[in-house]
Each structure stands twice: as structure tokens, then as C-alpha cells.
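Peer 1: no sequence for this one, just the structure:
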Ligand code: SF4
């Protein structure tokens, strides 16, 4: 409690006013989101899993499809894993889908009885402190504060705390006691949602909208005139990587690699194989025709991926490799970027065949 007592006395002294201002604003300005209309613990759980590492606008169409096909824990528990992964295709971090599936099975095995405390939820697959607090406060009124990057940003600005944190996760640990101290006894779930909404729509990372902020009068950083300089996070160390991938087509089938079920980010997804996965040397592959060069960032890695047309490997295929008929590509799970790349290369190669 050292942090709470010493860094935010003004805020704690005005706590009731802060809570009122935030709640009043949330009632008037909350976006209409599917998990807020006719809310249910199931919708809250699924949306919280989808929203980890993913923006609201990306999640919305996925959630809509998901709720039509898998409307409750029982339907999700009974669904085949391939179907669950297919519905998740493009959202990334597929271990979330697998954990959600396991969680539903566990809840069904318990006779459909949902745990009601954050501690009990944290024993379920894929549930960390943030998700446990969000689900139990919103669905059951548990007094548990949600602290993610958005909430850290708001609290660091409200207190104008100049500490340099290693990353958002370590800042979240430091700000957790203050987030707890600001939680009202009545409807803590609405308070948590209001904080998330404020972080997502007003207290923005690079252009905070302080002139319309409901808690501006409580904010030390806005008073100093430099809200965007908080929180202070150590610069990220970016590592560059080059990945050489192969495009092998034989008798109307494309060579793909399927990640193992235990792979955290890809878990069972197909991708174009790397040269190494295909049993070929990078240098050999790079002598072939370059079909595409794409850049993307995954966590701290800035990755350049190149796709070369290559001669199919001879003999028995290596682990995880399979020939997938082009006509069946829609039936399998391809990771989001790879589905785009495959479609782009197919379009480009069919155009060049037509032109020749
Ligand atoms: S006043 Fe500005 S910096 Fe402070 S909480 Fe509101 S939007 Fe964020």
C-alpha cells in the first residue's frame, strides 16, 4: 500500500467524486457493444478471451459469428476442436481458442456451475488476473479491479507518476493497489468497464482527449500539460528477423506446414513452410523466383518474410508438412496473414498464367 498512500493522496481523498464522474460519463457515453447488450457470463468470458491482444473493432465480427454457432458453454464444449479453431482463424494467439474450449469443457464437467471468485476463475485454463477480475466483477459483482495497459495509462496520468517501468505488465503490478483502492463497493463491474472505456475512447495513447474527459479535474498529468508523457515505459528492444518461405505446388495441391497442437501462438494452424521446415536450404530457395516480400511485427520481433517458388522436396515429407488441395484451402485453418498471402500469390500467379 506504500504506492497508494504516498503517490495518490489527492485522488484517494476525492475518490467518491472520481467514481461518480466516471460512472455518470459511462452511463451516457458507453459504446453499444454486444457483450453489453443482454449480457451473460458466457458472452463476457468469450469477449474477454478474444480481446486479449486484439482490438474491439477486430473482435466484433468474430464474436458475432461465434455466438451464432456456439451460443453457450455447452455448445462450445461439444464442438470439435477444428471447428473452434476455424471460427478463431485470423484472430491469432490460437492458444486462447484452445484454452477457451478447455474452459467450457471444464465448466460443463462441473455441471455448468460457474465459479464466482477471481481466485477460482484463475484455476481455469487461460484465465489470468485481468480476465478473472473482468469476468467476476462484470458477471457477479466481485470486488476485483481490472488492470491492463489502458488502466495503467489512466492511473499513471491521474497521478503523474514519473517512474520508468520495464513494460506495461510490471507497471500493472505497481498500479494494482491504486486500482483496487479506487473500486467502489457498489457495482465494481461497471466501474471496471468505465475505466476500460475511458482508456479506449478518451485517454488515448498518443492523443488524449482531455477536453472531454470526465475525470480531468482529478488528473495531475493534465494539470501539468503533458499527459502523453505518462506512463514512462522503457523503450522496447526490437529484434529483426528474416524468414524464407517456400511456395511449392504439385498436382493442384499446396505444400503447407501445420504447427503442433502445443504451439502457443499458432496451435494447429497451417502456414507456408519455411525453407528449413521443407528440408531445403535458405540459399537454394532464394535462387528461385521471389513471389512476395511481407513485413510484420510479432511481440518484439520485426520480421521480414519472403516467399519463393521452390521445387517440391523429394521423398517422405517432414513433420507437420502436408499437401493440401487448392480447392480445400477454405476448409483448413490457415493463420490470418498466411491466408492473405496465399490468396495474393494465387491471384498473382493465375494472372501471369492468363497473360502468358
Ligand atoms: S484528463 Fe486527459 S490524461 Fe487525464 S485521465 Fe483524462 S484523458 Fe487521460
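Peer 2: Ah, there it is. Just so you know, these numbers come straight off a predicted model, no measurement behind them. Numbering: from 1, shown residues only.
Peer 1: wait, doesn't residue 224 sit right on residue 160?
Peer 2: Yes: with contacts counted by C-beta atoms under 8 Å, residue 224 reaches residue 160, the gap being 5.8 Å. For the C-beta atoms, the positions are set from N, CA and C on the backbone; glycine is no exception.
Peer 1: Run through the strands of the stretch 101-250 of the chain in chain order.
Peer 2: With DSSP state E, counting those that start in this stretch as the criterion, the stretch 101-250 of the chain has strands at 164-165, 232-233, 239-247, 249-250.
Peer 1: ok, the residue minimising distance to the centre of the chain - contacts?
Peer 2: Nearest to the geometric centre of the chain sits residue 53, at 2.1 Å (C-alpha atoms, centre = their mean). Contacts for residue 53 (C-beta atoms under 8 Å, 6 or more residues apart in numbering) come out as 92, 93.
Peer 1: Shouldn't it be within a helix?
Peer 2: No: going by DSSP: H, G, I helix; E, B strand; the rest coil, the assignment for residue 53 is coil, not a helix.
Peer 1: for the strands of the stretch 101-250 of the chain, which one sits closest to residue 299?
Peer 2: Nearest to residue 299, of all the strands of the stretch 101-250 of the chain, is strand 239-247, at 9.4 Å by C-beta to C-beta.
Peer 1: pLDDT on that closest one, on average?
Peer 2: Strand 239-247 shows a mean pLDDT of 95.
Peer 1: which parts of it are buried?
Peer 2: Along strand 239-247, these residues count as buried under the neighbour rule (16 or more other C-beta atoms under 10 Å): 243, 244, 245, 246, 247.
Peer 1: before we move on, what about stretch 57-77?
Peer 2: By neighbour count on 16+ other C-beta under 10 Å, the buried set for stretch 57-77 is 59, 62, 63, 66, 67, 70, 72, 73, 76, 77.
Peer 1: And the fifth one, its phi and psi?
Peer 2: The main-chain torsion angles of residue 67 are listed as degrees, to the nearest 10 and equal phi -70, psi -30.
Peer 1: do the first one as well
Peer 2: Main-chain torsions, residue 59, degrees, to the nearest 10: phi -70, psi -40.
Peer 1: thinking again about what came up before, and the strands of the stretch 101-250 of the chain as TSV, adding distance to the ligand?
Peer 2: Formatted as TSV, the strands of the stretch 101-250 of the chain follow (distance: least, C-beta to the nearest ligand atom, whole Å):
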stretch	distance to the ligand
strand 164-165	17
strand 232-233	14
strand 239-247	32
strand 249-250	53
